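# Predicted model follows, preceded by the sequence.
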Amino acid sequence: MSSHVSPRLLRQYADGEDLPDSTTWAVDVHLESCADCRARLATEATSVAPLVEQVWAGIAAAETVPVRRARRLTTWATPTMVPWLVMTVLVTLLAILIDWLVAPPYPSVALLLAPVTPVAGVAAAWARGLDPAHELVTATPRAGLHLVLRRTVAVLAVVIPLLAVATWTSPIRWLLPCLAFTVATLALGGFVGVRRAAAGLVTAWTVLVIGPSLVTARPPAVLEPTALGIWAAVFVVGALVLRLRATVYTRLES
């Protein structure tokens, strides 16, 4: 294109009309070396300013309050957590029903399950195999330990009130073990993955504590008030490990 771009062609180019690729390419090349045509293009482009303003107004209108609330909600929970939380609630309700039907001296099933009740929800809150969007979330700037802890708090906010109703006579016996198991799940998850850590801890608790307690019809010693010091130590060590390995939750391998 040796001469200047014609006014009609320049107007079509500025309006974004569907021009042949060869014509668009020729205009692009000419504009790179012609200051006069670039100045004319700037004048022509002012005609599309109302359209640009209209588009930006539509984008701003789309940023509604429900969308912002949805974004805030995803920092506290994910859709994959819902089935696991529902399962946790149903298991707890079943344990309450068993406690009503089975008379002492058998230990409370709800009390035996209380320490590991939030573990499944914690695993669903940050597990690559359970969340289809895990890689996308992990790659965002807000990913990391802070996001993991927010989702964990969301799980505890559902589980702890339910457990408090189920075991209202002995909350001191399960609350600290429950928090210790939660922190231990996250801490071990930094080494083997949260899902594997949750499965391992639940299995160990079932085999070593729940099974023997149901067989002997005696409450386990690890849930007696005298064992609270041990649970406090587990909680502190788990929190320390979690803090030292916080960067693990910013990598896709986690």
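That came through, no problem. Numbers count the residues shown, from 1 in each chain.
# Name the helix or strand of the chain that has the lowest mean pLDDT.
helix 65-74 (a mean of 49; mean pLDDT, DSSP states H and E).
# where does A198 land in three-state SS?
helix (DSSP: H, G, I helix; E, B strand; the rest coil).
# Domain ranges for the chain, per the record?
What automatic domain parsing lists as the domains of the chain is 7-62, 66-250.
# Any idea which of these has the lowest pLDDT on average?
Here the domains of the chain differ in mean pLDDT, and the lowest is domain 7-62 at a mean of 75.
# Pull the number of nearby residues for M87.
13 (other CB atoms under 10 Å). Heads up, the C-betas are built off the backbone N, CA and C, glycines and all.
# so where does it fall, helix or strand?
helix 81-101 (DSSP states H and E).
# Just the CA atoms of the helix or strand just after that helix, as CSV, please.
Per DSSP H and E, the first helix or strand lying C-terminal to helix 81-101 is helix 109-113. The C-alpha trace of helix 109-113 is given here as CSV (Å, rounded to 0.1, in the frame of the first residue of the first chain):
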residue,chain,number,x,y,z
VAL,A,109,-20.3,-44.0,69.3
ALA,A,110,-20.6,-40.3,68.6
LEU,A,111,-17.8,-39.6,71.1
LEU,A,112,-15.6,-42.3,69.5
LEU,A,113,-16.2,-40.8,66.0
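# Which elements pack onto helix 109-113?
helix 81-101 (3 or more CB pairs under 8 Å, 6 or more residues apart in numbering; DSSP states H and E).
# Buried residues of stretch 11-28, list them for me.
11-14, 27 (16 or more other CB atoms under 10 Å).
# Then stretch 202-218?
202, 205, 209-210, 213.
# Identify the residues contacting that stretch?
For stretch 202-218, the external contacting residues (CB atoms under 8 Å, 6 or more residues apart in numbering) are 105-107, 112-113, 115-116, 119-120, 181, 219-220, 222-223.
# So how do I select the buried members of those in PyMOL?
To isolate the buried ones among the contacts of stretch 202-218 in PyMOL, judged by 16+ other CB under 10 Å, type:
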select buried, resi 106+107+112+113+115+116+119+120+181+219+220+222+223
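# Looking at the contacts of stretch 202-218, which one is closest to A239?
F181 (12.6 Å; CB to CB).
# For the closest one, give me phi and psi.
Backbone torsions for F181, taken as degrees, to the nearest 10, come to phi -70, psi -40.
# tell me the contacts of it?
115-116, 118-119, 201, 205.
# Repeat the analysis, applying 6 Å as the threshold.
115-116, 119 (CB atoms under 6 Å, 6 or more residues apart in numbering).
# hang on, the earlier thing: pick the most deeply packed of the domains of the chain.
domain 66-250 (a mean of 17; mean count of other CB atoms under 10 Å).
# one step back: cross the contacts of F181 against helices and list the overlap.
V119 (DSSP state H).
# Give the phi and psi angles for R218, as a check.
Dihedral angles (degrees, to the nearest 10) for R218: phi -130, psi 140.
# ok, V82 to A227 distance?
34 Å (CB to CB, to the nearest Å).
# Contacts made by the helix holding M87 with the rest, please.
In contact with helix 81-101 (CB under 6 Å, 6+ apart) are residues 108-110, 113, 117, 120-121, 124-125, 158, 162, 166.
# Which two among these are spaced furthest apart?
S108 and A125 (26.8 Å).
# hmm, back to that, can you redo the contacts of helix 81-101 as TSV with distance to L175?
Output for the contacts of helix 81-101, formatted as TSV (distance: CB to CB, whole Å):
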residue	distance to L175
S108	14
V109	17
A110	13
L113	14
T117	11
A120	18
G121	16
A124	22
A125	20
V158	15
L162	13
A166	12
